[in-house]
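Engineer: Output the structure for:
(4 chains)
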Number of protein chains: 2
Amino acid sequence: MERSPDPDLPELFLRTAKRIRRNQIERLGPLGLTPGQARALRVIARTGEPLRMSTLAEHLGIVPRSATTVVDALAAAGLVTRAPDPASRRATLVTPTEAGLATLAKMSDARRHAAEELFATLSTEERDTLRGLLAALNTTAPTA
Amino acid sequence: MERSPDPDLPELFLRTAKRIRRNQIERLGPLGLTPGQARALRVIARTGEPLRMSTLAEHLGIVPRSATTVVDALAAAGLVTRAPDPASRRATLVTPTEAGLATLAKMSDARRHAAEELFATLSTEERDTLRGLLAALNTTAPTA
DNA sequence: TATTGTTATACTCTATAACTATA
DNA sequence: TATAGTTATAGAGTATAACAATA
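Structural biologist: Reported below is the predicted structural model:
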């Protein structure tokens, strides 16, 4: 990786994100999932309610067309099902299957384990500080 | 974006990284550069010395083949030149052109501006804390 | 006419594997 | 035979634009 002198905040973020993404690819490979699919599955199962495609896209921060690709993959793997929304037949509701929920359970262990590994150099207090700063950044900050 | 309750550190990182990347795409578009190309250009111009392809790849944290693609684009745009290394003709040295250095100068203004915008919700002290934590993460942490 | 999702297409970033030219 | 870089190919992630079905 780039070991430059005094890298700025964006650079540091992207570098860390790259490490996290590679770590995820390794962890998720055995489960047959890509990071994007795993994230979508988590969002879909989060509320316990069937989710509209458009809502999923919004929560993931992607355009609806991109959500279609992700859900296609999850459906092909038997982890979610699609059904028309009774309330409006042009909307599609996505629901996790039993297999999807089982996969999700396996994932969360792996996630915890990986986070430990990635942030091992920071103390518990430092991690809390970091989490707080990032949360502030992601809730208050403008879309830019 | 995903507004979940209590997201974990990896999730927060990837979310922030996505915001940064989109911001970069917007900023760099007018300059005709992608984020990856811009980063490579910065690394190439950093030392003032011609850089080997393999060294560039290492600094960017990518495999040599991927560096070829990035440098192809930079060379096509007239921002860098390739020349065989006199010390070993199978090695290639990459050097920024005048145009490359000029583009770099334009970029660094835009970068500063964008960073201000992205981290506007944090105080100066908070940014310093954040930078310190990220730096610790990126110098000490294992490759995983 | 406006909304929801999809088909079609394309581009960025990155990877592995095989080949070429050197050393 | 080992090294540096490239050609060939592939896959993940995302986007815009055009279109169908529904409202």
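
Engineer: so, in contact with DNA strand C or not, stretch A:75-95?
Structural biologist: Yes. Stretch A:75-95 comes into contact with DNA strand C (CB under 7 Å from any atom of the strand), by way of A:82, A:85, A:88, A:90-92. (Each C-beta comes from the backbone N, C-alpha and C, glycine too.)

Engineer: could you flag which of those residues are buried?
Structural biologist: Neighbour-count burial (16 or more other CB atoms under 10 Å in any protein chain shown) applied to these gives A:T92.

Engineer: interface residues of chain A facing DNA strand C?
Structural biologist: So chain A meets DNA strand C at A:18, A:52-54, A:64-65, A:67-68, A:71-72, A:82, A:85, A:88, A:90-92 (CB under 7 Å from any atom of the strand).

Engineer: Among the residues you listed, which lie within helices?
Structural biologist: A:18, A:53-54, A:64-65, A:67-68, A:71-72 (DSSP state H).

Engineer: Any chance of JSON lines for those, columns pLDDT and neighbour count?
Structural biologist: Output for those, formatted as JSON lines (pLDDT from 0 to 100; neighbours: other CB atoms under 10 Å in any protein chain shown):
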{"residue": "A:K18", "pLDDT": "93", "neighbour count": "16"}
{"residue": "A:M53", "pLDDT": "96", "neighbour count": "19"}
{"residue": "A:S54", "pLDDT": "96", "neighbour count": "13"}
{"residue": "A:P64", "pLDDT": "96", "neighbour count": "13"}
{"residue": "A:R65", "pLDDT": "96", "neighbour count": "9"}
{"residue": "A:A67", "pLDDT": "97", "neighbour count": "25"}
{"residue": "A:T68", "pLDDT": "97", "neighbour count": "15"}
{"residue": "A:V71", "pLDDT": "97", "neighbour count": "24"}
{"residue": "A:D72", "pLDDT": "97", "neighbour count": "13"}
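
Engineer: Identify the farthest-apart pair in those.
Structural biologist: Largest separation among those by CB to CB: A:K18 and A:S54, giving 29.9 Å.

Engineer: before we move on, the earlier item: can I get the ones in helices among the residues of chain A next to DNA strand C in CSV with distance to DNA strand D?
Structural biologist: As requested, those are exported to CSV (distance: CB to the nearest atom of the strand, whole Å):
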residue, distance to DNA strand D
A:K18, 12
A:M53, 12
A:S54, 12
A:P64, 8
A:R65, 4
A:A67, 8
A:T68, 8
A:V71, 11
A:D72, 10
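
Engineer: And A:G36, how close does it get to A:F13?
Structural biologist: 19 Å (CB to CB, to the nearest Å).

Engineer: Can you give me the separation between the residue nearest the centre of chain A and DNA strand C?
Structural biologist: When CA atoms, centre = their mean is applied to chain A, the residue found nearest the centroid is A:R39 (2.5 Å). Per CB to the nearest atom of the strand, to the nearest Å, A:R39 is found 17 Å from DNA strand C.

Engineer: hang on, isn't that residue packed against A:L60?
Structural biologist: Yes. A:R39 is within contact range of A:L60, at 6.6 Å (criterion: CB atoms under 8 Å).

Engineer: hang on, the earlier thing: from the residues of stretch A:75-95 next to DNA strand C, list the ones also adjacent to DNA strand D.
Structural biologist: A:88, A:90.

Engineer: Mind picking the two most distant members of the residues of stretch A:75-95 next to DNA strand C?
Structural biologist: Pairwise over the residues of stretch A:75-95 next to DNA strand C, using CB to CB, the maximum falls at A:R82 and A:S88, 14.4 Å.

Engineer: So what touches the host helix or strand of A:R39?
Structural biologist: In this structure, A:R39 is located in helix A:35-46 according to DSSP states H and E. Residues from elsewhere that reach helix A:35-46 (CB atoms under 8 Å, 6 or more residues apart in numbering or on different chains): A:21, A:24-25, A:28, A:31, A:33, A:51, A:56, A:59-60, A:67, A:70-71, A:73-74, A:77, A:79-80, A:94-96, A:100-101, A:103-104, A:107, B:2, B:4, B:11, B:14.

Engineer: go again using 7 Å as the cut-off
Structural biologist: The contact list for helix A:35-46, computed with CB atoms under 7 Å, 6 or more residues apart in numbering or on different chains, reads A:21, A:24-25, A:28, A:51, A:56, A:59-60, A:70-71, A:73-74, A:79-80, A:94, A:96, A:100-101, A:103-104, A:107, B:2, B:4.
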